[in-house]
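Q: sharing a sequence plus its predicted fold:
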Amino acid sequence: MQYFSTRGDDSRLSSAEAILKGLAPDGGLFVPEQLPQVDADFIAGLAPLTYEKRAARVLGLFLTDYTADELMGCVERAYGSGKFDTAKRAPVVTLKDASVLELWHGPTSAFKDMALQLLPQLMQTALTKTGVTDTVLILVATSGDTGKAALAGFCDVPQIKIMVFYPDGGVSRIQRLQMCTQAGENVNVTAVRGNFDDAQSGVKEIFSDAAFNGELQAAQVRLSSANSINWGRLVPQIVYYFSAYADLVTAGTIKAGEEINFTVPTGNFGDILAGFYAKEMGLPVHKLICASNANNVLTDFLRTGVYDRNRAFYKTITPSMDILISSNLERLLYHLTGDTAQVAGWMGELAATGRYDVGEALLGKIQQTFWADWADDAKTQATIKDVYDANHYVCDTHTAVAYAVARSYQQATGDTHHMVIASTASPYKFNGSVLAALGAETSGLDEFQLLDKLAEYNPQPVPAGLAALAHLDVRHQGVCEKSGMRAAVLNFARK
Ligand SMILES: *Cc1c(COP(=O)(O)O)cnc(C)c1O
């Protein structure tokens, strides 16, 4: 299977090459030339397998240049060996009115682990396969969660180093501790004096600075990124849609072949796009419901066909969905039109004016699969309380946005297909907002006391990785100005 750019560049790459490159030379995203098709036997065959074996089967359909042994090695290192706190890796919990697909049992208690545990393994194998001998230096700017998940994934992966910049004073205490206590010989975490935009624009400038990249090249180091447009981050996410389906059939919640719905709390459109791939491959999915917070640019797009980022930006209690440009949408537009020139045109308009309109015909096609709505903070918190009262189940704020939207979908359409909610963070990661929603008394409690407080409500214990933070040594204390980021990178690259 070959990969090419959504914007028309005609090079054709193997998956290993696409994963090493990340972004296509014309600024487009890599897409597979066709989507593999599976039948009922393939899906039934997943049921008795471990998550790792399910992953190897699904990945094998896309990453055809990796051998079966290479893939099995990658998934074992990513998901095996005690990194996840449950044997199922991504378990499905069925509540009164829906099932919840828990994607946060990995080492950092965030859904990003599902992809960021595997991407480094796919990358390192790709380096070996393509004969690249340089060291790859992954640069990340983070406003919190992605940084830790990337550190955990790349920690001690041979031939790769990772450096994370975060805004000094701009992340929560737990998030800072999660990053600054990170073990590993190949990791660096540095605070930047400034806000997230300073850190992010600093990293972007470094990526596009040819002279600086030349200096790194002299030290046999090349830069790369771990962000969610990389094919190696998207493809791992297709697996859990299949895995959830197989588990629901095994549990008797649905019959083999029965169509189900997924509601996905959406930011960059990666998670839900993976669900689209699963559906196109033959997984019995009826609708994919896109849930947004007050930054509801996707709700408007999926209802009107007009994508318009010229709007106010809101800070919400679901920070991982506070996003106005959903990069992975570009892949959907390509798959539904097959027209790279058209996609390049829309993306050009987005860059120039912040807006594009895909027109009635394509909108109709999109709406055959997608439905969208959004929930504000008040509704999100009411939903946390409601789900808790009805099921004694504690969900995080992002999951609650999806839950609220799933209900509004069912009310609006009367659709009774079984509903699966993608749950993207442990409630312990957003303990303050969750406790407030539950009506708990929290005044005067620090972040670790909040964890214990939430455990009084939650039958699931505090994740070991979060509880341990109170006692781990801080290993990374570096701070720099934005103007000092290049020097910090060079220094770490030469180590
Ligand atoms: C990243 C993230 C999302 C959004 O996922 P996308 O793939 O960017 O749409 C939702 N919830 C949480 C907790 C996340 O970390």
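A: Nice, thanks for sending it over. Values in this document were obtained by computation on a predicted structure and should not be read as measured data.

Q: going by C-alpha atoms from here, please, whenever you check contacts or count neighbours.
A: Noted.

Q: if you skip the residues just before and after it, what's nearest to G282?
A: By the measure of CA to CA, 6 or more residues apart in numbering, the closest residue to G282 outside its immediate chain neighbours is V38, 5.6 Å from it.

Q: that neighbour against E280, yeah?
A: No: in this structure, V38 is not within contact of E280 by CA atoms under 8 Å, at 9.4 Å.

Q: so what's the residue nearest to G282 up against?
A: Contact analysis of V38 by CA atoms under 8 Å, 6 or more residues apart in numbering lists 281-283.

Q: do the same with L118
A: For L118, the contacting residues are 74-75, 77-79, 153, 232-233, 236, by CA under 8 Å, 6+ apart.

Q: repeat that for 6 Å
A: With contacts defined as CA atoms under 6 Å, 6 or more residues apart in numbering, L118 is in contact with A78.

Q: one step back: top of the contacts of V38 by number of neighbours, please.
A: The member of the contacts of V38 that has the most neighbours, counting by other CA atoms under 10 Å, is L283 with 24 neighbours.

Q: any idea how far I162 is from D389?
A: Applying CA to CA, to the nearest Å, the value for I162 to D389 is 43 Å.

Q: make that Q449, sorry
A: For Q449 relative to D389 (CA to CA), the value is 23 Å.

Q: is the helix or strand harbouring H398 up against the ligand anywhere?
A: Here H398, judged by DSSP states H and E, is contained in helix 397-413. Yes: for helix 397-413 and the ligand, the contact criterion (CA under 6 Å from any ligand atom) is met by H398.

Q: got the buried residues for that helix?
A: For helix 397-413, a neighbour-count test (16 or more other CA atoms under 10 Å) marks 397-409 as buried.

Q: now do it: distance to the chain's middle.
A: From the chain centre to the centre of helix 397-413 is a distance of 20 Å (CA atoms, centre = their mean, to the nearest Å).

Q: after that helix, next one along is what?
A: Beyond helix 397-413 on the C-terminal side, the first helix or strand identified by DSSP H and E is strand 418-423.

Q: can you dump the C-alpha coordinates of whichever helix or strand comes after that next one into CSV?
A: On the C-terminal side of strand 418-423, the closest following helix or strand by DSSP H and E is helix 431-438. Listed in CSV are the C-alpha atoms of helix 431-438, where the atom choice follows Å, rounded to 0.1, in the frame of the first residue of the first chain:
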residue,chain,number,x,y,z
ASN,A,431,-10.4,16.3,38.9
GLY,A,432,-11.2,19.9,39.8
SER,A,433,-14.0,20.3,37.1
VAL,A,434,-15.3,16.8,37.8
LEU,A,435,-15.5,17.3,41.5
ALA,A,436,-17.3,20.7,41.0
ALA,A,437,-19.8,18.9,38.7
LEU,A,438,-20.4,16.3,41.4
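
Q: in the stretch 301-450 of the chain, which spans are helices?
A: Under the criterion DSSP state H, counting those that start in this stretch, the stretch 301-450 of the chain carries helices at the ranges 329-337, 340-353, 359-369, 377-391, 397-413, 431-438, 447-455.

Q: so of those helices, which one's packed in deepest?
A: Stretch with highest mean neighbour count among those: helix 397-413 (a mean of 23; mean count of other CA atoms under 10 Å).

Q: quick one on the thing from earlier: nearest to A211, of the buried residues of helix 397-413?
A: Out of the buried residues of helix 397-413, the one with the shortest distance to A211 is H398. That distance is 41.2 Å, counting by CA to CA.

Q: excluding chain neighbours, what is closest to the closest one?
A: Counting by CA to CA, 6+ apart, T318 is the residue found nearest to H398 once chain neighbours are left out, at 5.4 Å.

Q: neighbours of the one you found, just the number please.
A: Applying other CA under 10 Å, we find 23 other residues in the vicinity of T318.

Q: also K53?
A: Under the neighbour criterion other CA under 10 Å, K53 is assigned a count of 16.

Q: and it, what element?
A: Take DSSP H and E as the rule and K53 turns out to sit in helix 51-62.
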